[in-house]
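Chemist: next comes the sequence, and after it the predicted model I'd like to discuss.
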Amino acid sequence: MYPHHISPAQIRQVAESGLPENAGPRNKIIVVGAGMAGLVAAYELLRAGHEPLILEARQRVGGRIETLREPFADGLYAEAGAMRIPRVHDLTLSYCDKFNLKLDPFTMGNPQGYYFFGGQKIRAAQVEQDPSLLPFDLAPHERGKTATQLWREAIHEIQEALRTRGEAAWTGIAQEFDQFSTREFLEHKGWSEGAIEMYGLMADQEALMNSSFLELLREDVGGFYEDMFEIQGGMDHLPNAFLPTLGRNIRFGARMIAIDQDAESVTIHYETAAGRLSARGDYAIITVPFPILRHVEVLKPFSRAKQRAIRQLHYDASAKILFQCRRRFWEEDEGVFGGGTVSDLPIRVTYYPDHGRETGRGVILASYTWSEDAQRWGSLSPRDRIAQALENLAQIHPQIKDEFEAGASKMWHDDEFAGGAFALFDPGQQTLLYETIIQPEGRLTFAGEHASLAHAWIQGSIESGLRAALQIHAA
């Protein structure tokens, strides 16, 4: 019923010019979830003449794009979820362009930012010049090299394979390296424990060392952290841009509780504040994360392989703690304009916002953590998170004690509609689960960042939504 293979070129074509001409029937399609995958799929299906109905449990669109404007002062905001778009993410940028959204540069690295390890605060530029300033116990052949230099040497052969053979090289790379965690890969390359610790801390990978090496590799060689942008005024402008077209096709406050299908149709049972209802369509696109889908009753059971994927796919935790500051002391006192600081404190990574300068104030991302680091913040009460992060940040920036005005936090692993920050393969899961994750089940297709190889990125969500729309449109 569905096309067996949809190429990246076909997906890109839909983003550029819509779904192809199709003389087939116009279908009613139920889209579960108004995150980016659901919005894009519904938008393109509607433009092609189909009739989408989006069921969204929240009272907003965007999913894990969430721009916080409270509890901050007028003119200030912060990103609780997705906060940046790499230049290489063509699908994401094409929708920004389609809706005339203005983009500003997002500063990633900044030589004026700091490393704060073992109580010692050093400018990043100094460390680049003299890596021996850091307190790591390296093997003789590793000394004098930065973490970045060591990493580049470790993946050199893989990069060469991609340079000479292009995308075709990925099949062999996945076969050879899918079983490795990042730690196992570095051990395989003969790194000392001191070098592994240095890289883990400086590249903010320590909490992810046991995740699939391919996840990190794909981002790194793909240029995901280079030449980045943010949407002027907040990332939520992107999902909100779909509302003029799709507003009447969305039902908010509708939480899916059961899925049923037969040879002719799909029925989604859902719950609202008014009670239990159901929607019937020709097809459905399920975009909810697998941790949430795990708690939905499936009346006609999925295949064993799909059930296994839903049970086993690993989702990571993520936490953000945000502070409104009375003045931009990091700029005024220390000359740090954008970028971040990395530490071995519980807050781990701090980002300095480029936006908000016109107010004189700023919302600093005091702490951005993943995995175990994030789970530890999640175990604290919201009040204690703010107090502990203030204590941590004051070791790097003592001014925060005088300049702090308001705080907020977001724990994606505790979000009842997300169940995690993003999918993140364990070693072996790309080979074991990926094809099953994206495989339709009868009249159901699946989308969301987990149904892509660009986990944790808007690009992955959009790609999966376009694939699902193509699958249904061509069915």
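Modeler: Here it is on my side, so go on. Numbering: from 1, shown residues only.
Chemist: buried residues, the top helix by length along the chain. List them.
Modeler: As assigned by DSSP state H, the longest helix anywhere in the chain is helix 458-474. By neighbour count on 16 or more other C-beta atoms under 10 Å, the buried set for helix 458-474 is 458-473. In this view, the C-beta of every residue, glycine as well, is placed from N, C-alpha and C.
Chemist: from the residues you listed, which single one is nearest G35?
Modeler: Lowest distance from G35 to the buried residues of helix 458-474 (C-beta to C-beta) belongs to S461, with 6.2 Å.
Chemist: didn't the closest one look like it was pressed against A37?
Modeler: Yes. Between S461 and A37 there is a contact under C-beta atoms under 8 Å: 4.3 Å.
Chemist: any common contacting residues for those two?
Modeler: When contacts are counted by C-beta atoms under 8 Å, 6 or more residues apart in numbering, S461 and A37 are jointly contacted by G63, T287, A447, G448, E449.
Chemist: with neighbour count added, can I get those in a markdown table?
Modeler: Converted to a markdown table, those look like this (neighbours: other C-beta atoms under 10 Å):
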| residue | neighbour count |
| --- | --- |
| G63 | 28 |
| T287 | 32 |
| A447 | 32 |
| G448 | 31 |
| E449 | 29 |
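Chemist: those residues: which two are farthest apart?
Modeler: G63 and A447 (11.2 Å).
Chemist: what touches both of those two?
Modeler: Common neighbours of G63 and A447 (C-beta under 8 Å, 6+ apart) are A37, G38, T287, S461.
Chemist: out of those residues, which are inside helices?
Modeler: Filtering those for helices - DSSP H - leaves A37, G38, S461.
Chemist: save the residues you listed as JSON lines, and put in pLDDT too.
Modeler: Output for these, formatted as JSON lines (pLDDT from 0 to 100):
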{"residue": "A37", "pLDDT": "98"}
{"residue": "G38", "pLDDT": "98"}
{"residue": "S461", "pLDDT": "98"}
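Chemist: care to break this structure down by domain?
Modeler: 8-62+236-314+426-474, 67-109+227-234+318-414, 139-221 (automatic domain parsing).
Chemist: of those, which approaches G118 most closely?
Modeler: domain 67-109+227-234+318-414 (7.0 Å).
Chemist: just the closest of the buried residues of helix 458-474 to I11, please.
Modeler: L466 (4.7 Å).
Chemist: gap between that closest one and T245?
Modeler: Going from L466 to T245 by C-beta to C-beta, to the nearest Å gives 16 Å.
Chemist: how about A394?
Modeler: Taking C-beta to C-beta as the measure, A394 and T245 are separated by 47 Å.
Chemist: list the pairing partners of whichever strand or helix holds E405 within its sheet, with orientation.
Modeler: If you go by DSSP states H and E, E405 is part of strand 404-411. Note on strand 404-411: by DSSP bridges, its sheet partners are strand 318-325 (antiparallel).
Chemist: buried residues, the strand it pairs with. List them.
Modeler: Buried, per 16+ other C-beta under 10 Å, within strand 318-325: S318, A319, K320, I321, L322, F323, Q324, C325.
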